[in-house]
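>>> Give me the fold of what follows.
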Amino acid sequence: MAGEGAPASSPVSSGAIRLDADALNAFMAEAFPQSEPGSRGHVVSAAPGHIRARLDPTDKALRPGGLISGPTQMGFADMAAYALVLAHIGPVAMAVTSALNYQFLRPCRPGPLFADAYMLRLGKRLAVMDIRIWTDNADKPVGQANVTYAIP
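Next up, the predicted model:
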């Protein structure tokens, strides 16, 4: 498969990726055909232990007060975590969220959202990640999530 970083026969490792950004975006489009284009965001880059994603929210993502809604931020954090897991384990559609804890750190003003997802631990059955959501400045995140995925 194009975009692979490590052969499928090699053991799963947080030190190597199996899917690059293009392969992750193609898999997400295929796995979630019901999503409106751009509604879930896309992976900008993928490297061992880290992915960066971008979401360009529409007006539908705003809450009263003109801020990007909490569900939009949490959904984006979950998408980034899913992409990070898949980057390392390959196209395993049934990897699922088993825990997501989100902290709102600052008001999330309208505009492009970015997610930096970092692998904290990748085991045989669980992956634990740290996700930072930011707008203008990566050093001033608007939100932070701890996400755990169950791996089938």
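
>>> got a list of what the most centrally placed residue in the chain touches?
By C-alpha atoms, centre = their mean, the chain has its centre lying nearest to A80, at 0.3 Å. By C-beta atoms under 8 Å, 6 or more residues apart in numbering, the contact set of A80 is 41, 51, 53, 115-117, 131. For glycine as for every other residue, the C-beta is placed from the backbone atoms N, C-alpha and C.

>>> mind checking pLDDT for E4?
pLDDT for E4: 47.

>>> related to what we said a few turns ago, filter the contacts of A80 down to the ones in helices?
Among the contacts of A80, no member is found in helices (DSSP state H).

>>> The worst-scoring helix or strand of the chain on mean pLDDT: partners in the sheet, and parallel or antiparallel?
One helix or strand of the chain scores below all others by mean pLDDT, DSSP states H and E: strand 62-63, with a mean of 92. Applying DSSP bridges, strand 62-63 is found paired with strand 67-68 (antiparallel).

>>> So which bits of whatever helix or strand comes next after the strand it pairs with are buried?
For strand 67-68, the succeeding helix or strand toward the C-terminus, using DSSP states H and E, is helix 70-89. Applying a neighbour-count criterion of 16 or more other C-beta atoms under 10 Å, one finds 72-89 buried in helix 70-89.

>>> And for stretch 140-152?
Buried, per 16+ other C-beta under 10 Å, within stretch 140-152: 141-149, 151.

>>> As a markdown table, these with secondary structure and distance to N101 would be great.
What follows is the buried residues of stretch 140-152, written out as a markdown table (DSSP: H, G, I helix; E, B strand; the rest coil; distance: C-beta to C-beta, whole Å):
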| residue | secondary structure | distance to N101 |
| --- | --- | --- |
| P141 | coil | 14 |
| V142 | coil | 16 |
| G143 | strand | 11 |
| Q144 | strand | 9 |
| A145 | strand | 7 |
| N146 | strand | 5 |
| V147 | strand | 8 |
| T148 | strand | 9 |
| Y149 | strand | 13 |
| I151 | coil | 19 |
